[in-house]
Each structure stands twice: as C-alpha cells, then as structure tokens.
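Trainee: Please work out how this folds:
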Amino acid sequence: MFGRWLGNRTNRAQRPNPLADMVVPPSAGMLSCRVLDPVNEPIRTAELVVNDAMGRQVVTGGTDPFGSFMATVPAGDYKLAVTADGYTPFHGNASVGESGHASVGDVMLQVAQPPQLPDAGDWEIEPMHSSIAFTARHIGLARIHGRFNTFAGVLRVAERVEQSAMHVVIDAASIDTNVQMRDDHLRSADFLDVGRFPTLEFYSDKFTHKGGSRWAITGALSLHGVTRTVTLDAEYLGLGNGMEGETRAACRATAELHRDDFTISWQTMLARGIAAVGTSVKIELDIQVVPKG
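Mentor: The predicted model follows:
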C-alpha cells in the first residue's frame, strides 16, 4: 500500500488516461481526489488520511502542487479525511473495486473561522499547565528527551496582535533529562555553564500571522552568554476556561537551535572520548497563559 502523485492535470491532452502507467495489483484499486479552496485554486498543503471500514489507517499523504492525491489500496470501503491549516476538515466515503478507480472528485475545503484571539493586556505563563521541552541526539546514538522545570514569562497582547511582545526567562539549572549524572554534565562548563549563565532568556516584539492558526514569533534568545535571532513556529490553540473559571489561552511552538551558534562546542569532548549531545536541538513549547493579576 502506498501513495502516488496524480500529476499535472493540465497534461490530459497528451495523457488522456492518468492511470495508464500505474501498476495496480489484481486485488487492489486506485483512490483519488483533488483538493481545492473556495475559489477553485488547488491546495498543495492538504493532508489526507484513509481508514478502512474497521477504522484502521491504511494510507496517509499530502497533495501534489496541483492539489491532487492518489493511492493504491486493497479493494474495499474507506473513509477519507482531508485537512489543511486554516480550513474546515472534510470527511467522505469511497468504495474501491478490484482493478478499479474510485475518484472522490473535487473536494472543496471551506475557510475555517480562526480561534478567538486573547484580549489586549498583560498575560503570564501558567507553569503548572505549560512545558518547555527539548530533543537532542547522542552522537551516533539514540535521542535524548529533556525539559526545563522552572521558567516564567509574560505576554503583552497589543490591540493589533502583530505588535505584541513577550519575555520568557528559564532557569538553566532546572534542566532535567531523568539522568542525574547527565544533568550535572549539562549544567557544567562543558555545556550550559549555569554558574556563569544562570538563565536563558527570550524576548520578542515581532508576531507574524502566517494564516489560519499559524504564527511566527521572532525574537532574541540569550543562551550561554550569546544572543541570536530565533523564530518560533507557533500554533495558536484558542481560548478556554480553567477549573476556577479563569480565562486562559494556549499555543504550541517549535524551534531548532544549533549549539555552535551559542558557542557550546563539542569537539573537545569528542577528543576526550565523551559521547556528547548532537549539534542541533529541537525545542518544543506547550504554553498556557492567564491574565496577569
């Protein structure tokens, strides 16, 4: 079972049968669709999930530059889910016969109502329901997962959200990978050097709306005595109410850091035979903020 691109539909005059070159097992068939926006333009970033009648995932994939998707699947009945950022999901059904072609046709996604933005004013990170985690790799070995346990931050939401600002401070010594010896090494002068640089700080006053619920938050990250420009790829999740009825807003964000950019070198450790953390580190933030009291 595998996904295949349908290709450029403008070439139909030269290739009247887009399935002519497709090799399909006798007990299988083809499932296809084209994903369009409300003005009939192809959505090239749509994601599709095909489940069988028992709810088991059979195929996943994305649309090609022309909004098209095609997959070879065993003959049977299927449920198709189509999603794209900023659009309302589509769910449909299809029956695929042996050596047949089941086309869902043109799937038109409607623009989704974006989540309500937080009110202008000062908000603060609620640490009990927030996390700042990271993933790195031992050189030649498995991934390391860790987190910072102590942090604080404030967000000043402007009337025009793009003009908002945020400031986050992280306690470097609170790094936690569930291995005491490794954590002590990460706090040492080989890595974070927490005695000289006790905090990591991020400040941003540039919020860029990328469409739908996606935002780019660009700012200055100070780490290990060095400050570099970093952009967070953020997804705003909307507003909700806590256990005591308080309003809170939530978002997820990721960024990739390169240790050499912050003069956290590893060559000297390799020379001593120490299995160091790899050069890139993925940062993952799950943040909830509440109005500042």
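Trainee: Any regions of the chain where pLDDT drops low?
Mentor: 1-24, 138-141, 259-279 (pLDDT under 70).
Trainee: Can you tell me which residue is spatially central in it?
Mentor: residue 254 (6.7 Å; Cα atoms, centre = their mean).
Trainee: Helices along the stretch 51-200 of the chain, start to end?
Mentor: For the stretch 51-200 of the chain, the helices defined by DSSP state H, counting those that start in this stretch cover 180-187.
Trainee: Point me to the helix or strand that includes residue 216.
Mentor: Assessed by DSSP states H and E, residue 216 sits inside strand 214-223.
Trainee: what comes up buried for the helix or strand hosting the residue nearest to the centre of the chain?
Mentor: Assessed by DSSP H and E, residue 254 sits inside strand 247-258. For strand 247-258, burial by neighbour count (16 or more other Cβ atoms under 10 Å) applies to 248, 249, 250, 251, 253, 255, 257. C-betas here are computed from N, CA, C, even on glycine.
Trainee: Now tabulate those in TSV and tack on distance to residue 60.
Mentor: What follows is the buried residues of strand 247-258, written out as TSV (distance: Cβ to Cβ, whole Å):
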residue	distance to residue 60
248	32
249	30
250	26
251	25
253	24
255	25
257	29
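Trainee: Pull the residues that contact the strand holding residue 254.
Mentor: 118, 123, 126, 129, 215, 217, 221, 223, 230-242, 279-291 (Cβ atoms under 8 Å, 6 or more residues apart in numbering).
Trainee: which of these are buried?
Mentor: In these, the ones that pass as buried (16+ other Cβ under 10 Å) are 118, 123, 126, 215, 217, 221, 223, 230-232, 234-236, 279, 281, 283, 285, 287-290.
Trainee: circling back: and the angle from the strand holding residue 254 to strand 214-223?
Mentor: Counting by axes from the mean of the first three to the mean of the last three Cα atoms, to 10 degrees, strand 247-258 lies at 60 degrees to strand 214-223.
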